[in-house]
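# okay, sequence plus prediction incoming.
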Amino acid sequence: MEKQIGEIRDRIERMEGQHRRIKNQVTFASIGLELTEESQAPFTTVRRRLRTAFTEGHRAAATSAIAIAFATLRYGPTVVVYSLLLLPLLIAFYRRFRLTRTTMA
């Protein structure tokens, strides 16, 4: 009897664990939605096509600029820290290379 109760408790604990995992997945789930405007006129004028191209180009440039800014903010501090850590090694290498070059001349 106790063995069956233990098995049932194990099943309940596994189910509760699965329930918590699924609940967390639902909590952190996100939905991406992108809406685009479709052209209404089947025959578009050159002016409309140029305006659309300009607008899309401007939007793409802004998106690229924002992506570059975020990449700089994300990786910039790391690059600075590694550069500062490697700077003494580069200076020592440069001095050694310069000394060997001047003694050879």
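Looks like it arrived, so ask away.

# let me know the outermost residue of this structure.
Largest separation from the mean C-alpha position in the chain: residue 1, at 54.3 Å (Cα atoms, centre = their mean).

# before we move on, which element is the spatially most central residue of the chain in?
Central residue of the chain (Cα atoms, centre = their mean): residue 71, 8.2 Å from the mean position. Following DSSP states H and E, one finds residue 71 within helix 46-104.

# mind giving me the packing neighbours of that helix?
Judged by 3 or more Cβ pairs under 8 Å, 6 or more residues apart in numbering; DSSP states H and E, helix 46-104 has no packing partners among the helices and strands. Where C-beta positions appear, they are placed from N, C-alpha and C, glycine not excepted.

# give me the mean pLDDT for it.
Averaging pLDDT along helix 46-104 yields 90.

# how far does it sit from the chain's center?
Offset of helix 46-104 from its chain centre (Cα atoms, centre = their mean, to the nearest Å): 16 Å.

# assign residue 34 to helix, strand or coil.
coil (DSSP: H, G, I helix; E, B strand; the rest coil).
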